[in-house]
Structure formats: C-alpha cells, structure tokens
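Participant: okay, here's the prediction I keep looking at, along with the sequence it came from:
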Amino acid sequence: FIFRGPLPDHELDPDSWQTHWGTSLVSDWDIIYGIVNFEKETPSSTSSSNFSSNGYAHSKTRFWPKTKEPPQDVYPIGRLNIQDLIEAARQIIETDPLVNKSLVAIWGWGKGGFIALQTLARLPLSLVGCGIAVAPVTSWVDFNAFEAESYWGTLGSNTRTIYKDMSLEPLAAQFRTKELYLLHGTMDATVPLEQTMLFSKQLIANHAFFHQQIYAGEDHDMRGVRNHLFRSMETFLEDYCNFKRRSPFGGSSHRKKSWNANPATKFEGFENSRR
C-alpha cells in the first residue's frame, strides 16, 4: 500500500514520529504502509534524484529563471522526477518480499494526488490496480501559474508540450481497468474543484468508471469532514480493492461491528493531535 506526497499538516520528517491515517491502517488492517516523499529544494542549476538511507525517495526540482525559458530540446527536471517516483513505487512493489502484488493501492493528496494518479495510470494492472486521490492536480495549464512554473518552467511555445504530457487528460483511458476514488472540497482554494471536474469529464468520455465524493463547503485541508473522509476511503479499500480488516481475535474479518457502531470517533485521536 503506497502513499504519495505530503498531506496537509503531515510533513514527512525521518527524525520525528506522529500518528496519521497510515498508523490507523497498519493497526487495524493486514496492510504494509509505504511512504514515498517528494520535495522541492532552493533554486539550483543542478538537480538529482536518489534514495536516501532512511528509505525515503528524495527528488530535487530545477527552477528555471523567470526571464528565460528552458532550452527547446530539454525537459525541466520535474518531468524526470515523475519517472523517478513511479520507479520508486515499482521497486517497492517488485522487490519487497512482504508485499502482496495482487493487493496494492496507491493514494495522495493535492500534488501527491497528481503523482498517485500518474503512477496508477502508468504502472500495469499486475502491479497496482487501485487508487485514491484527494484534491488532485490534474491539469497544470489550469493550475496556479506560480506553482506550475516552479515545476515545469514558464508556459510558452517551448514548454507547452511538457504541460500537455504532465496533464492527466491523455491518460484517462488507462483508468478503465483500475479502481479509482476521487475526493474534493467545493471551497478548495489550493487546488480548485475545477481540477477534479475536468478530469472526471475526461474519464467519462473514455468510458472509465470511477467513484467520486464532493464535500460542500470544505477547503483543501478537509478539517470539517476528516472522519467521514477517512471512513469513506477505508470503505472503498475494503469494498473495491479487497483489503481486509484484522479481527480483534487474530486473522481477518470483513467489517468489525464495533467500528460501524462508532464511526464518528474512529479518527478522533490522531485528528485532534494534528490540529
């Protein structure tokens, strides 16, 4: 089970520990929760990607000067970062002997949702067949220009192809054989709801069936509906991705009655600590 990118209030620091959804999953489910982190560094003329000794994959993004566009025959390093992150997921799935390759899901939030969708679309069904994206970026042309240019360079004649390649629109048909769950808040100012709506339109046009949850009045952090959000994601994992909850007496059970009896309090512990 692979997690991509940072969550709101969930900075990944190998020297610290905090509870989050993954903590809940590994305690209640038969799940391995893997994390692949991506980060941007300060402007630099060099760039690289590497696996650090602590198990996180770090990607460094090149920032192009605002006064000039990247060379016509060179992609900004951000495009290569996507391939690096997809390869990181592939390596974890293929090389870890504990991973059940028939039960792999991937998810992300915001830009992490974009990477999750890219990975879900580009990896074969034999490696990953299930994904969740919360408030994902799906079209960089329609996204915040400052953020988009920090990844892909200034939008112009030399970079328009890059922006198109990094859009989810050309990959919509790849989701026909995958289980997909999209979630978004209507008041999201960080990643506007338009991003999910544009992608949903392309999925429908390509006859890809998917699940979608829209939260009225919620912004990017989803603070008012965190319990409902995570509960619905767990239901999706169980009902459509074949993940199993762990029985309190060992083994697995389809759905614990105690969890259904008190759904509103399931995430109170780590939610309150995050605020």
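Facilitator: Right, received. Where do you want to start? Residues are numbered from 1 along each chain as shown.
Participant: pLDDT weak spots in this protein?
Facilitator: Residues of the chain that meet the criterion pLDDT under 70 lie in 1-18, 38-81, 247-275.
Participant: now for M187: which residues touch it?
Facilitator: G217, E218, D219 (C-beta atoms under 8 Å, 6 or more residues apart in numbering). Placement of C-beta: from N, CA and C, glycine included.
Participant: ChimeraX command for the buried members of the residues you listed?
Facilitator: A single ChimeraX command selects the buried members of the contacts of M187 (16 or more other C-beta atoms under 10 Å):
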select :218,219
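Participant: V141: which of the contacts of M187 is nearest?
Facilitator: D219 (22.9 Å; C-beta to C-beta).
Participant: thought the closest one was touching P192?
Facilitator: No. Using C-beta atoms under 8 Å, D219 is not in contact with P192; the gap is 10.7 Å.
Participant: I'd like the contacts of M187 as CSV, with secondary structure and distance to T95 appended.
Facilitator: As requested, the contacts of M187 are exported to CSV (DSSP: H, G, I helix; E, B strand; the rest coil; distance: C-beta to C-beta, whole Å):
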residue, secondary structure, distance to T95
G217, coil, 44
E218, coil, 38
D219, coil, 39
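Participant: and which of the contacts of M187 is nearest to W21?
Facilitator: W21 lies nearest to E218 out of the contacts of M187, by C-beta to C-beta, at 16.8 Å.
Participant: tell me the one among the contacts of M187 nearest to F209.
Facilitator: E218 (24.7 Å).
Participant: hmm, H228 and the closest one touching each other?
Facilitator: No. Checked against C-beta under 8 Å, the pair E218 and H228 is beyond contact range at 9.9 Å.
Participant: contact partners for I86?
Facilitator: Q118, T119, R122, L123 are the contacts of I86 under C-beta under 8 Å, 6+ apart.
Participant: ugh, typo on my part, it should be F143
Facilitator: V137, V191, Q195.
Participant: surely N206 touches A173?
Facilitator: Yes. At 4.4 Å, N206 counts as touching A173 under the criterion of C-beta under 8 Å.
Participant: could you name every residue contacting both of these two?
Facilitator: Joint contacts of N206 and A173 (C-beta under 8 Å, 6+ apart) do not exist.
Participant: ok so, going back, turn the contacts of I86 into a markdown table, columns for neighbour count and secondary structure.
Facilitator: Formatted as a markdown table, these follow (neighbours: other C-beta atoms under 10 Å; DSSP: H, G, I helix; E, B strand; the rest coil):
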| residue | neighbour count | secondary structure |
| --- | --- | --- |
| Q118 | 23 | helix |
| T119 | 24 | helix |
| R122 | 16 | helix |
| L123 | 22 | coil |
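Participant: nearest to G153, of these?
Facilitator: When these are ranked by distance to G153 (C-beta to C-beta), Q118 comes first, at 18.2 Å.
Participant: residues contacting the helix or strand containing H184, please?
Facilitator: Using DSSP states H and E, H184 sits in strand 179-185. Under the contact criterion C-beta under 8 Å, 6+ apart, strand 179-185 has outside partners 120, 129-136, 191, 193, 195-196, 199-200, 203, 208, 210-220, 222, 225, 229, 232-233, 236, 240-241.
Participant: so which bits of the strand or helix carrying T161 are buried?
Facilitator: Remark: T161 resides in helix 160-165, with elements defined by DSSP H and E. For helix 160-165, the neighbour count (16+ other C-beta under 10 Å) marks I162, Y163 as buried.
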